[in-house]
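no sequence on this one, just coordinates:
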């Protein structure tokens, strides 16, 4: 486990869960699996504090535990799941794009709480949406349940795998191991005919404005119309069945979107829709971890194309031929039966995206001539220094400097091929090449370091300006209170003048800097996702 990953994980745990959870997580990440007493000794924390920290990590699916040969429970943290905290905004935005406001709130609640029962999360979301609506309107909880079921059917949400209970622990007999095929089954008590459910409001209904009247309206908001509104957690009909976000399904969605975006920019939207149709068809026939899809005939693809695309069969065949002949090899022809059998090569698609990302890094860091040398080596695989100079059309001295600069930064590798057994330099070929897997792992480690630096800088900016931010919040609260009580403009202006022009300018600068840092974190996470996906696929 890289030190950059551990450092980034510590920062994320501290920001999300506090210092105690961060200490426990960092200890386990650095030292491996340990029982409770050893963790308390190693972290110098009280046993009850360690227990709460372990519960928080288990609740958020960041930790596993198993009984060792000595009979003690040993806890293991998964740092890769901790690092997914940086991707939470992307999960929420994707859910909003696919399923509207209800889907957004459902995924957000599950991410905030780690694991929740269906009845519990649906009740919370219904109350939140009702609170945000105009006075007199409410969100029916059954409509929220309908969206929850849709998320489960598309595997964006799955059941929590409950570990088998030890016979001597007196565990609840109702709790049993959830099998693989039962990961997406709705409990019978919560399975209703959702086709007969009519929403009282739509998910895109008008929200209340965040003004001073909001504080008075919150207390008067209508209660949810669901029969589970006043139900205790212990009496819930789906007691013991917990759900959490299926990160792998979201990652497959992100991967598909990246591939479709590349196809759309390289060819056109028709080719993009054809590849989208092939990806949709492969969801039921190919394993999620497969590096390539099952063969699909052009006839099957034509039948599944969206009707609004209005694409003729001959045009489809031409597009498939164009995709199959493209040098990226994202689509491969696997046979001639059924009008032609075609396969989507997921590994090649990720490799193409990864190469484009690395080329962009080389371009920005070393300049256009280094980028030309890098692309040349990608194309020709292995070249001597003289061949690089000639093919890249760069003067010999400059080409030598640029090539060895890339070599010193580990973007280029060198292989020695001796003519004689003594390995004399004068009788040895030196071939330069690129190991994409090695470069990807190196850039991935640098991305982790950069992301950690961004988070540290953002926290530093917030701490340095904490007093000014708190003063601004107090002034805003006073202004909102005066506005709700019907104060005149003179009183409002006096309150606003409590913050001086230099302070307001400093607040604007802080807001601009923090927004820029957060945007950089999101963009860097996209790069990390592409590099991680390629590294994992190449290992398979």
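On my side now, so go ahead. For clarity, every value in this text was computed on a predicted model and none was experimentally measured. Numbering: from 1, shown residues only.

what residues are up against the residue sitting nearest the centre point of the chain?
By CA atoms, centre = their mean, the mean C-alpha position of the chain lies nearest to residue 87, the distance being 3.6 Å. Shown in contact with residue 87 (CB atoms under 8 Å, 6 or more residues apart in numbering): 247, 525, 529. Just so you know, the C-beta spots here come from the backbone N, C-alpha and C atoms, and that holds for glycine as well.

Please flag which of these sit within helices.
Counting by DSSP state H, the contacts of residue 87 place 247, 525, 529 in helices.

How many residues are close by the nearest residue to residue 46 once chain neighbours are set aside?
Counting by CB to CB, 6 or more residues apart in numbering, residue 46 lies nearest to residue 40, which is 6.9 Å off, once chain neighbours are set aside. Other residues lying near residue 40 total 19 when counted by other CB atoms under 10 Å.

repeat for residue 303
Residues near residue 303, counting by other CB under 10 Å, number 10.

List phi and psi for it.
Backbone dihedrals for residue 303, given as degrees, to the nearest 10, come out at phi -70, psi -30.

Identify the residues contacting it.
So residue 303 contacts nothing (CB under 8 Å, 6+ apart).

For residue 288, see how far away it is.
24 Å (CB to CB, to the nearest Å).

Check residue 63 too.
Distance of residue 63 to residue 288, given as CB to CB: 23 Å.

give me phi/psi at residue 135?
phi -60, psi 130.

what number of residues lie near it?
12.

confidence score at it?
In this prediction, residue 135 carries a pLDDT score of 74.

Residue 213 too?
For residue 213, the predicted pLDDT is 39.

can you pull out the helices in the stretch 351-500 of the chain?
Here the stretch 351-500 of the chain has its helices, by DSSP state H, counting those that start in this stretch, at 368-380, 385-392, 396-408, 436-464, 466-484, 489-496.

Do you have the strands of the stretch 1-150 of the chain handy? List them.
34-35, 63-67, 73-77, 116-117 (DSSP state E, counting those that start in this stretch).

packing partners for the third one?
When contacts are defined as 3 or more CB pairs under 8 Å, 6 or more residues apart in numbering; DSSP states H and E, strand 73-77 packs onto helix 19-31, strand 34-35, helix 36-43, helix 47-59, strand 63-67.

Show me what the second one pairs with in its sheet, parallel or antiparallel.
Just to be clear, that refers to strand 34-35. Applying DSSP bridges, strand 34-35 is found paired with strand 73-77 (antiparallel).

ok and the partner strand relative to strand 63-67, angle-wise?
160 degrees (axes from the mean of the first three to the mean of the last three CA atoms, to 10 degrees).

State the mean pLDDT of strand 73-77.
Strand 73-77 carries an average pLDDT of 91.

Buried residues, that strand. List them.
Across strand 73-77, burial judged by 16 or more other CB atoms under 10 Å covers 74, 75, 77.

for that strand, the distance to its chain's centre please.
With CA atoms, centre = their mean, to the nearest Å as the basis, strand 73-77 stands 25 Å off its chain's centre.

and if you look at stretch 347-354?
Averaging C-alpha positions (CA atoms, centre = their mean) puts stretch 347-354 18 Å from its chain's average.

can you check stretch 485-500 too?
On CA atoms, centre = their mean, the centre of stretch 485-500 falls 43 Å from the chain's centre.

Repeat that for stretch 456-463.
With CA atoms, centre = their mean, you get 23 Å for stretch 456-463.

Ok, stretch 369-381 next?
31 Å.

I would like the residues contacting it, please.
For stretch 369-381, contacts defined as CB under 8 Å, 6+ apart pick out 355, 358-359, 362-363, 383, 387-388, 391-392, 394, 398-399, 402-403, 405-406, 411-412, 432-434, 436.

buried stuff in it?
Using 16+ other CB under 10 Å as the test for burial, stretch 369-381 gives 369, 370, 371, 372, 373, 374, 375, 376, 377.

is it true that residue 238 touches residue 159?
No: in this structure residue 238 lies outside contact range of residue 159 using CB atoms under 8 Å: 10.3 Å.

Who is residue 418 paired with across the strands?
Under the criterion DSSP bridges, residue 418 forms beta bridges with residue 428.

so how far is residue 429 from it?
In this view, residue 418 and residue 429 are 8 Å apart by CB to CB.

quick one: contacts for the closest residue to residue 407 other than its chain neighbours?
Leaving out its chain neighbours, the residue that sits closest to residue 407 by CB to CB, 6+ apart is residue 414, at 6.2 Å. When contacts are counted by CB under 8 Å, 6+ apart, residue 414 touches 407, 430, 431, 432, 433.

again with residue 438
Residue 438 neighbours (CB under 8 Å, 6+ apart): 410, 413.

returning to that earlier point: need the buried ones from the contacts of stretch 369-381 selected in ChimeraX.
Applying 16+ other CB under 10 Å to the contacts of stretch 369-381 leaves a buried subset, and the ChimeraX line that selects it is:
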select :355,358,362,383,388,391,392,394,399,402,403,406,411,412,432,434
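
Show the contacting residues for residue 363.
Residue 363 makes contacts with 370, 371, as judged by CB under 8 Å, 6+ apart.

Next one: it from residue 402, what distance?
Taking CB to CB, one finds residue 363 at 13 Å from residue 402.

Ok, residue 183 next?
52 Å.

hang on, the earlier thing: I'd like the distance between the residue nearest to residue 46 and residue 399.
According to CB to CB, residue 40 and residue 399 sit 60 Å apart.

Likewise for residue 537?
For residue 537, the distance to residue 399 (CB to CB) stands at 33 Å.

same deal with residue 97?
Distance, residue 97 to residue 399, using CB to CB: 47 Å.

Report how many residues lie close to residue 509.
So residue 509, with other CB under 10 Å, has 12 neighbours.

so where do the helices sit in the stretch 201-350 of the chain?
Along the stretch 201-350 of the chain, counting by DSSP H, counting those that start in this stretch, helices occupy 214-218, 247-266, 269-285, 298-304, 313-325, 346-366.
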